[in-house]
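[1] Mind folding the following:
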Amino acid sequence: MTHNTEYAIEVDNLTKRYGDLVAVNDISFTVRTGELFALLGPNGAGKTTTVEIIDTIRTPTSGKVTLLGMDVTKGKQAIVNRIGVLPQGFNSFDRITVRETLQYFSRLYSRRNSDIDSLIELVKLEDKAREQYRNLSGGLKQRLGIAIALVNDPEVVFLDEPTTGLDPRARREVWDVLHGLKQKGKTVFLTTHYMEEAELLADTVAIISKGTLIAKGTPAELIETTANFMVLTLQSVDGNVIEIIAQMGFKPVISNDNAIKTRVQHTDDVQKILSAIKDAGAFYQSLDVRKPNLEEVFLKLTGEALHDSHADGRGTT
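    Model (predicted):
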């Protein structure tokens with residue numbers, strides 16, 4: 001059965017409390033059928049809680065969530081048969097092969113007619129079909145996890161941080177798989193820590209912070225309406241530069257590659273910063289000035305950067 005309405009997911013005034021803690025605070029949004037929707041937020045923002053309510057794992061405190069036309073609190077069994085889920089920290093059985101893994105999960109869903117070969121081809125694991133799970137790299141394991149989420153031919157696929165901890169090459173290989181899902185007409189609900197991932201893949205991005213939905217739109221719309229500034233990036237700077245910039249009233253931050261980034265309103269600001277660095281006898285090796293990307297939008301809206309939850313030892317909520 002195929003869902004023919006405009007929206008695959010409708011979230012209406014959703015709230016989730018744990019005692020005095022409000023994990024999700026009265027949020028509303030829709031996900032169109034066939035789109036890739038990315039939910040972004042820092043650790044503890046409410047991303048995973050929101051997803052687990054939508055895919056029927058948790059129950060809401062209040063509000064209503066409709067998935068494929070069904071209330072998630074009432075139609076759980078019917079819903080589960082029509083969705084696929086790749087949870088955070090996915091794992092499988094060490095000593096069975098890629099093909100055997102997919103056959104096993106296919107039987108769990110009573111889908112003995114699942115086209116295992118097509119799934120293996122979709123996630124580009126043809127050369128690894130006879131490889132045991134324990135011998136796969138992190139990226140290959142994630143691609144197998146996506147295939148497992150597809151064994152029941154779901155209409156909506158939930159992917160919670162599918163590329164966390166992967167190296168850049170493995171991450172891009174997973175992105176290719178996600179492009180393939182879109183081409184097959186699947187609705188994909190993605191949570192991610194990677195701004196580049198959301199900017200490249202998502203049709204719609206929603207940003208959640210402290211349990212509240214603070215922005216929603218296409219990546220281009222969010223950048224255009226939110227980020228009325230430029231970003232100055234300085235590479236290979238000495239230790240005094242960040243202090244010099246801060247003393248001028250700007251707000252420099254250090255990026256993952258140890259570059260210093262700061263927002264400026266005008267090109268004159270760039271010249272003032274460079275002159276101040278020179279006058280102080282400090283140095284930098286290279287600079288770049290460009291319009292912002294989704295990461296700068298996120299930083300401006302939330303006041304904090306995204307972090308890889310595996311890298312800092314914390315999970316998401």
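
[2] SS state for residue 43?
    Counting by DSSP: H, G, I helix; E, B strand; the rest coil, the backbone at residue 43 sits in coil.

[3] Report the beta-bridge partner residues of the spatially most central residue of the chain.
    Centroid check for the chain by C-alpha atoms, centre = their mean gives residue 192 as the closest residue, at 1.7 Å. Counting by DSSP bridges, residue 192 forms beta bridges with residue 40.

[4] Could you tell me how far it is located from residue 57?
    19 Å (C-beta to C-beta, to the nearest Å). All C-beta spots, glycine's among them, are computed from the backbone N, C-alpha and C.

[5] what do you get for residue 257?
    36 Å.

[6] neighbour count winner among those two?
    More crowded of residue 257 and residue 57, by other C-beta atoms under 10 Å: residue 57, with 16 against 7.

[7] thinking again about what came up before, for the residue nearest to the centre of the chain, which residues are in contact?
    When contacts are counted by C-beta atoms under 8 Å, 6 or more residues apart in numbering, residue 192 touches 38, 40, 161, 162, 163, 198.

[8] One more pass at 7 Å, please.
    38, 40, 161, 198 (C-beta atoms under 7 Å, 6 or more residues apart in numbering).

[9] What about these, which one has the most neighbours?
    Counting neighbours by other C-beta under 10 Å, residue 40 leads the contacts of residue 192 with 29 neighbours.

[10] which stretches of the chain have low pLDDT?
    By pLDDT under 70, the low-scoring segments of the chain are 1-4, 111-113, 304-317.

[11] report the longest helix in it, please.
    Taking DSSP state H as the criterion, the chain has its longest helix at helix 168-183.

[12] Show me what that helix is packed up against.
    Other elements packing on helix 168-183 under the criterion 3 or more C-beta pairs under 7 Å, 6 or more residues apart in numbering; DSSP states H and E are helix 138-149, strand 187-192, helix 195-201.

[13] Among the ones you listed, show me which one is buried the most.
    strand 187-192 (a mean of 24; mean count of other C-beta atoms under 10 Å).

[14] okay, the angle between that one and helix 138-149?
    Relative orientation of strand 187-192 versus helix 138-149 (axes from the mean of the first three to the mean of the last three C-alpha atoms, to 10 degrees): 150 degrees.

[15] Just want the angle from strand 187-192 to helix 168-183.
    Going by the same axes, to 10 degrees, strand 187-192 is angled at 160 degrees with respect to helix 168-183.

[16] Let me have strand 187-192 in CSV, keeping just the CA atoms, if that works.
    Provided in CSV are the C-alpha atoms of strand 187-192 (Å, rounded to 0.1, in the frame of the first residue of the first chain):
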residue,chain,number,x,y,z
THR,A,187,11.0,9.6,2.2
VAL,A,188,14.2,9.9,4.2
PHE,A,189,14.2,11.4,7.7
LEU,A,190,17.9,12.2,8.6
THR,A,191,19.4,13.4,11.9
THR,A,192,23.0,14.5,11.5
